[in-house]
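[1] everything below, folded, please.
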Amino acid sequence: MSENQNLPENAGAEVPQPLAMQAAEVVAVRRGMFGGNGNGGDTSGYSRLVRVIEFPGQSPRPYGGYFDEVENELFGALEEQGLAPETAIEKVVVYRDQLTFHVRREHLVQVARTLRDDAALRFELCLGVSGVHFPEEAGRELQILVPLLSISHNRRVHLATGCPDEDPHVPSLTGVYPATDWHERETWDMFGIVFDGHPALTRILMPDDWPGHPQRKDYPLGGIPVEFKGAQIPSPDQRRSYR
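    Numbers count the residues shown, from 1 in each chain. Sure thing, here's the model as predicted:
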C-alpha cells in the first residue's frame, strides 16, 4: 500500500490565496432619530443617539466552520474557468455567522452558476433577491443580496453586488435560478434596480403607472394623496416636530 493511498484526492492541491485585507469603510455618522436635534422638545432621549454607519472590509482567515472550504472550492473553480478570483470578487465578509461574497456585477451570473453546478459546492436553491439603498456609498448606492442554500451539503452563503444610481443595472439570475423571476420584479418595483436579461421586468406590488420606487431612501415619506374624498397623509416630519 502506498503511503499516500489514504489521503484525500485533493490533499496535494494548491489552496487558492485569500483576498487582500481591507479595512472597514465609515460612510456616515448619524445623530438622533425622528428629526430630533438635541435642542429640546424630544423627551425620548433619541436626540443624543450617535450611529456610525460603516461597511465591513475583507474578513481575515480562517473564517471558521465550512466557510474556508467554500471559499477554497469557489476560488479554485473560478481559476479553472480562467477567471481570477480577485477579478470577480471584491471581498469576502463574515459577519454574524454569515458568509457573503461581494461580487462585481459583471461576474455575478458566472459566480452564481459556479456555486450551483460545482460538485463540491452545489448551492441548488436561491432563497430570494433583496434590494437596499445606501445613498452614502458613492458608486454603489443600490445593492442586492442573494442568499443561497446547498441542500446537498446543508450550507448557506450570500452573494452581494452593487451598482450606481446613474447606472442601476445588474444581470438577472433567472437563467441560473428561474424562481428569482418574482424576487427580481419586486426588487425592481421597490428600488428601481434593472435586472438585465429578465424575461418580463414589470411591477409586482405597485400599480403599473406608479411613479418612483417606494423603498429608496430618497423617496418622499407620506404626502401621498389618498383616493378618498381628497384626503392627504402628511409626511412624518410634518406630523411631529422636535425643534
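
[2] what's next to stretch 52-70, contact-wise?
    If you take Cβ atoms under 8 Å, 6 or more residues apart in numbering as the criterion, stretch 52-70 is touched by 18-30, 71, 91-95, 99, 121, 136-137, 153, 155, 157. Glycine gets a C-beta too; all of them are placed from N, C-alpha and C.

[3] shaky segments in this protein?
    Within the chain, the segments meeting pLDDT under 70 span 1-18, 20-21, 23, 33-47, 221-243.

[4] so where do the strands sit in it?
    Ranges of strands within the chain are 25-31, 50-55, 89-95, 98-103, 125-126, 130-133, 142-150, 155-163, 169-171, 194-196, based on DSSP state E.

[5] quick one: the second one to chain centroid distance?
    What it means is strand 50-55. 18 Å (Cα atoms, centre = their mean, to the nearest Å).

[6] biggest helix in the chain by residues?
    Longest helix of the chain, by residue count under DSSP state H: helix 67-80.

[7] for it, buried residues please.
    67-68, 70-78 (16 or more other Cβ atoms under 10 Å).

[8] please apply the same query to stretch 126-133.
    Quick answer for stretch 126-133 (16+ other Cβ under 10 Å): 126, 128-133.

[9] as CSV, those residues with distance to residue 212 would be great.
    Listed next are those as CSV, based on distance: Cβ to Cβ, whole Å:
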residue, distance to residue 212
126, 27
128, 23
129, 20
130, 19
131, 14
132, 17
133, 12
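
[10] list the contacts of the residue nearest the centre of the chain.
    In the chain, the residue lying closest to the centroid (Cα atoms, centre = their mean) is residue 145, at 2.6 Å. Counting by Cβ under 8 Å, 6+ apart, residue 145 touches 100, 129-132, 158-160.

[11] go again with 10 Å.
    Neighbouring residues of residue 145 by Cβ atoms under 10 Å, 6 or more residues apart in numbering: 98, 100, 128-132, 158-161, 187.

[12] quick one, helices of the protein?
    67-80, 85-88, 108-117, 180-191, 236-239.

[13] residue 197 is nearest to which of those helices?
    Residue 197 lies closest, by Cβ to Cβ, to one member of those: helix 108-117, at 8.3 Å.

[14] report the buried residues of the closest one.
    108-112, 114-116.

[15] what is the nearest of the residues you listed to residue 200?
    Nearest member of the buried residues of helix 108-117 to residue 200, counting by Cβ to Cβ, is residue 109, at 18.3 Å.

[16] let me see the contact set for that closest one.
    With contact taken as Cβ under 10 Å, 6+ apart, residue 109 is in contact with 103, 170-176, 196-197.

[17] return the distance of the closest residue in space to residue 120 that isn't next to it in sequence relative to residue 101.
    For residue 120, ignoring the flanking residues on the chain, the nearest one in space by Cβ to Cβ, 6 or more residues apart in numbering is residue 73 at 4.4 Å. Between residue 73 and residue 101 the distance is 12 Å, computed by Cβ to Cβ, to the nearest Å.

[18] can you pull the contacts of the closest residue to residue 212 other than its chain neighbours?
    Of all residues not flanking residue 212 in the chain, residue 219 sits nearest, at 5.6 Å (Cβ to Cβ, 6+ apart). Counting by Cβ under 10 Å, 6+ apart, residue 219 makes contact with 133, 190-192, 211-213.

[19] and these, which is closest to residue 51?
    For the contacts of residue 219, the nearest to residue 51 is residue 133 (16.9 Å; Cβ to Cβ).

[20] wait, isn't that closest one in contact with residue 142?
    Yes. In this structure, residue 133 is within contact of residue 142 by Cβ atoms under 10 Å, at 6.0 Å.
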